[in-house]
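Enquirer: Sharing a model prediction with you, sequence too.
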There are 2 protein chains.
Amino acid sequence: MAEQPGRNGTNGRTFDFPRPLTTVDVVVFAVREDALAVLLVQRGAGEGEPFPHAWALPGGFVDIDRDRDLEACARRKLKDKTGVASPYLEQLGSWGSAARDPRGWSATHAYFALLPALAAAPLAADAQWFPLVSGGVKPKLAFDHAEILDAAVKRLRNKVEYTSLPAYLMPAEFTLPDLQKVYEIILDRPLEKSAFRTRMLSADLIEPVARMRRGPNRPAQLYRLKKARAPVFFARTFNPPEG
Amino acid sequence: MAEQPGRNGTNGRTFDFPRPLTTVDVVVFAVREDALAVLLVQRGAGEGEPFPHAWALPGGFVDIDRDRDLEACARRKLKDKTGVASPYLEQLGSWGSAARDPRGWSATHAYFALLPALAAAPLAADAQWFPLVSGGVKPKLAFDHAEILDAAVKRLRNKVEYTSLPAYLMPAEFTLPDLQKVYEIILDRPLEKSAFRTRMLSADLIEPVARMRRGPNRPAQLYRLKKARAPVFFARTFNPPEG
DNA sequence: CATACTTAGTTGTACTGTCAAACTTATATA
DNA sequence: TATATAAGTTTGACAGTACAACTAAGTATG
């Protein structure tokens, strides 16, 4: 185990002051049953545990022996809860204050992840998906996690206006109407079909596969994400939003 | 002074593990002499100080007794170095790893600030402005600050394409050509005059004052930022960049 | 087997805002 | 008074979206 950290450094100099607690939290999004959903975990009720039984974002303390850096820490926590190793992961921001954790001054580094709908089939026992209703989630969240979730939803909504982020919420193969539907779910407004198709097809983002989706009506072309494709940023937002 | 933090909590429970160091750094931008410039401070050379004499971003440890939250900590450090109390301040991200500080596992919360050119007249003794040349700064920076600076410049450049952020780099009164010049300095390319004017004037962002700027040619209308104006997000970027 | 129904996908016109370049206006200076 | 210079406007071309109608391809139904 590493030496007690509050007192001594590694080079002989003493820097003697209290350190904030350091945690990482992850806002995990997926689209389930035609709604944007977020993954929450229920907190334990051990002695001294703040917010016992409350729902919270998956996360926890940085382990300086296991976690090489913050992103590795976020991936570890994500893997623990969902089994998914490499989803889309983006840093969201950090929240730190004297008041947010009853155990003392603490700072959390928040990330947000996008998962294909069915990726997290074997969920951890204490984890559960919650649909977002009017920007929030039903249970009252621990710490300042409601605020972090709110920031994540706003950031996602905002970026969906001009990026291809929803592509990371899709299964391996999907149709253009499928993708449009996901955009519409997140933005909560309908989009123009022809403009949407033109934009997506000219973005060098997806490629058709040899199969079609068949159903009770006209078949639809199936597409897949081009390999190792970073998100695309469009030069315009979708609907010049209101005024 | 607060009790030693590595060992005991405030509620009787012991959470006994090493904590990362927690710092805040600020990337302070201003436009000086027709170039984007960033504020750096020279590090001391006391015993055990990492990167002695190297230039670094202004910042340092969170003081859990003085700083209510992370943003307050950032404002304190900014005030110390520039005397400026309330510039535009935005969270940039966080960098944390075992390797970035020789004193041990550390995480920094980075902010970026935009200052009017002449706001920071009385600079701290150890602080100095450095112009950005091809995205970077001349001296080799301490820690991973070159990486943080790079992220800040990229974020600023990116947001300038579709927001009114440069307005926060302007003095109290300025002309539209002045503002366009600042956009062009940051983006490092010329913009269309008429489209620029149309966009800015229809954005409900600035208002004319009763005076004109006089010079050796046609006078220009002076404007000022509308009071308490949050940044404006435009529905398009400026030049559909290349392809 | 024809017809209705549904969703996929295309086409065409109107509109909005940028691009590009020319043009007009207002001042100082020679 | 002419000239130079920068401020600000006008005009037409163009790109991409909005809106709406249209065609295409399948299943279901009588």
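Expert: Everything's here; your move.

Enquirer: quick check: angle from the longest strand along chain A to strand B:21-32?
Expert: Of all segments of type strand in chain A, defined using DSSP state E, the longest is strand A:21-32. Orientation check (axes from the mean of the first three to the mean of the last three C-alpha atoms, to 10 degrees): strand A:21-32 against strand B:21-32 gives 80 degrees.

Enquirer: what pairs with strand A:21-32, and is each one parallel or antiparallel?
Expert: strand A:35-42 (antiparallel), strand A:59-61 (antiparallel), strand A:106-114 (parallel) (DSSP bridges).

Enquirer: Show the backbone phi and psi for A:E147.
Expert: Main-chain dihedrals, A:E147, degrees, to the nearest 10: phi -70, psi -40.

Enquirer: does the residue lying closest to A:E173 once chain neighbours are set aside sit in a helix, a strand or a coil?
Expert: Using C-beta to C-beta, 6 or more residues apart in numbering or on different chains and skipping the chain neighbours, the partner closest in space to A:E173 is A:L222 (4.6 Å). From N, CA and C alone the C-beta is placed, and that goes for glycine too. At A:L222 the chain is in strand, as set by DSSP: H, G, I helix; E, B strand; the rest coil.

Enquirer: Just list the residues touching the residue lying closest to A:A220 once chain neighbours are set aside, thanks.
Expert: Spatially, and ignoring its direct neighbours in sequence, A:A220 is nearest to A:T175 (4.0 Å; C-beta to C-beta, 6+ apart). For A:T175, the contacting residues are A:213, A:220-223, by C-beta atoms under 8 Å, 6 or more residues apart in numbering or on different chains.

Enquirer: Now narrow those residues to whatever sits close to DNA strand C.
Expert: Contacts with DNA strand C within the contacts of A:T175, counted by C-beta under 7 Å from any atom of the strand: A:220-221.

Enquirer: Which residues does the residue nearest to A:A220 form beta bridges with?
Expert: Bridge pairing for A:T175 - DSSP bridges - gives A:L222.

Enquirer: can you give me the end-to-end distance of stretch A:45-61?
Expert: End-to-end distance of stretch A:45-61 (C-alpha to C-alpha, to the nearest Å): 17 Å.

Enquirer: same thing with stretch A:91-110?
Expert: 6 Å.

Enquirer: tell me which residues in that stretch are buried?
Expert: For stretch A:91-110, a neighbour-count test (16 or more other C-beta atoms under 10 Å in any protein chain shown) marks A:91-98, A:100-101, A:103-110 as buried.

Enquirer: Which ones among those map onto strands?
Expert: Going by DSSP E, the strands hold A:91-97, A:106-110 from the buried residues of stretch A:91-110.

Enquirer: Is it possible to get these out as a markdown table so that each row also shows distance to DNA strand D and pLDDT?
Expert: Shown next, in a markdown table, are these (distance: C-beta to the nearest atom of the strand, whole Å; pLDDT from 0 to 100):
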| residue | distance to DNA strand D | pLDDT |
| --- | --- | --- |
| A:Q91 | 28 | 98 |
| A:L92 | 27 | 98 |
| A:G93 | 29 | 98 |
| A:S94 | 34 | 98 |
| A:W95 | 35 | 98 |
| A:G96 | 39 | 98 |
| A:S97 | 40 | 98 |
| A:S106 | 43 | 97 |
| A:A107 | 40 | 98 |
| A:T108 | 37 | 98 |
| A:H109 | 34 | 98 |
| A:A110 | 31 | 98 |
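
Enquirer: which of those sit farthest apart?
Expert: Largest separation among these by C-beta to C-beta: A:Q91 and A:S97, giving 18.7 Å.

Enquirer: so who does the spatially closest residue to A:E147 that is not a sequence neighbour touch?
Expert: Beyond its immediate neighbours in the sequence, the residue positioned closest to A:E147 (C-beta to C-beta, 6+ apart) is A:W95, lying 7.1 Å away. By C-beta under 8 Å, 6+ apart, the contact list for A:W95 reads A:107-108, A:110, A:144, A:147-148, B:70.
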